[in-house]
Structure formats: structure tokens, C-alpha cells
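>>> this one's sequence-less:
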């Protein structure tokens, strides 16, 4: 009877503000920071240099959905990949010596195009040019 009388009520998530701790990872723990309208804001530079594997809001572990974890990992990858200046000559050399590695870099750069405002196009064009010149 108890199970039959239960009602399913939809979850209504709402933004919560508070202190977020970035936890785990090697090295010293990053300093806690406040959320803004329920969002944690991290810059590309912070993502590159901070090492963390989990989050806690006001001491309670935060569970991220698979989509959010993928987006965070894409941002972390792109923050590193797009930080170095595009060097067409170096990419051409890499296309000759390690074409598979350059193709993998191209796929990573394509993933960066899913992030709003990510400057991935110059790198993609340079990689395509380097791979195209080796095909001749």
C-alpha cells in the first residue's frame, strides 16, 4: 500500500550560490571561490594551471552530469591546445613525421568548436593545410 500511494514529483532544479571548493588532484588545493548566479566561473588560465577532480558546494560534494563532465574536459583540453601560438611550419613538420598525432590534434581542435568563442578556427585551418600539403 505504501509503495502504491507514492507520487512522483518532478525535480525542479534551481541555481544555488555559495562557496565552492575544488577538490582532489595533485599539488596544493586551489582556494575556495564563490558562485555567481549558481555558476562557477573559471578562466582558461585557471583551468590550465589548477588540478582538481571534484567540487564541493558549502562542504557538500557536487555531482556533475555526464554532459557537464564532458564539457569541462573539453574546456580543459582546449585551454591547453589553443594556448600555444599556431606555427604552420611546426605543424607541417609534424604532418611529415607524425601524421596520426596531427590528425588526433585536429579532432581535439574540432571538439573546441563546440565551446562558444573558442578560437579554434586558425589552428584547424593550419592543421588542414599541413595535412593537405603532405598528401601531394
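Yep, that arrived. In this text, all values refer to a predicted model and were calculated from it rather than measured experimentally.

>>> could you list the low-pLDDT ranges of the chain?
The model of the chain has pLDDT under 70 over residues 1-7, 9, 134-136.

>>> what ranges do the strands span in it?
19-23, 33-34, 54-57, 60-62 (DSSP state E).

>>> which residue is nearest the middle of this structure?
Central residue of the chain (Cα atoms, centre = their mean): residue 75, 2.1 Å from the mean position.

>>> and that one, how far is that from residue 47?
For residue 75, the distance to residue 47 equals 6 Å [Cβ to Cβ, to the nearest Å]. Every residue, glycine included, has its C-beta placed from N, CA and C.

>>> show me this protein divided up by domain.
Per the record, the chain has its domains at 11-63, 65-135, by the TED database.

>>> out of the ones you listed, which is the most enclosed?
Comparing the domains of the chain by mean neighbour count (mean count of other Cβ atoms under 10 Å), domain 65-135 comes out on top with a mean of 14.

>>> got the contact list for residue 24?
51-54 (Cβ atoms under 8 Å, 6 or more residues apart in numbering).

>>> repeat for residue 51
Per Cβ under 8 Å, 6+ apart, neighbours of residue 51: 24-27.

>>> hmm, 10 Å instead?
22, 24-30, 76 (Cβ atoms under 10 Å, 6 or more residues apart in numbering).

>>> go on, residue 42?
Contacts of residue 42 by Cβ under 10 Å, 6+ apart are 20, 22, 30, 33, 50, 52, 72, 75-76, 79.

>>> in TSV: those, plus distance to residue 115.
What follows is those, written out as TSV (distance: Cβ to Cβ, whole Å):
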residue	distance to residue 115
20	21
22	20
30	21
33	21
50	18
52	19
72	11
75	6
76	11
79	9
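
>>> what two of those residues are the furthest from one another?
Spatially, the most separated pair among the contacts of residue 42 is 20 and 79, at 18.6 Å (Cβ to Cβ).

>>> hey, where'd the helices end up in this protein?
For the chain, helices defined by DSSP state H occupy the ranges 44-49, 66-81, 88-97, 99-112, 121-135.

>>> could I get those as TSV with distance to residue 11?
Formatted as TSV, the helices of the chain follow (distance: least, Cβ to Cβ, whole Å):
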stretch	distance to residue 11
helix 44-49	29
helix 66-81	16
helix 88-97	47
helix 99-112	30
helix 121-135	39
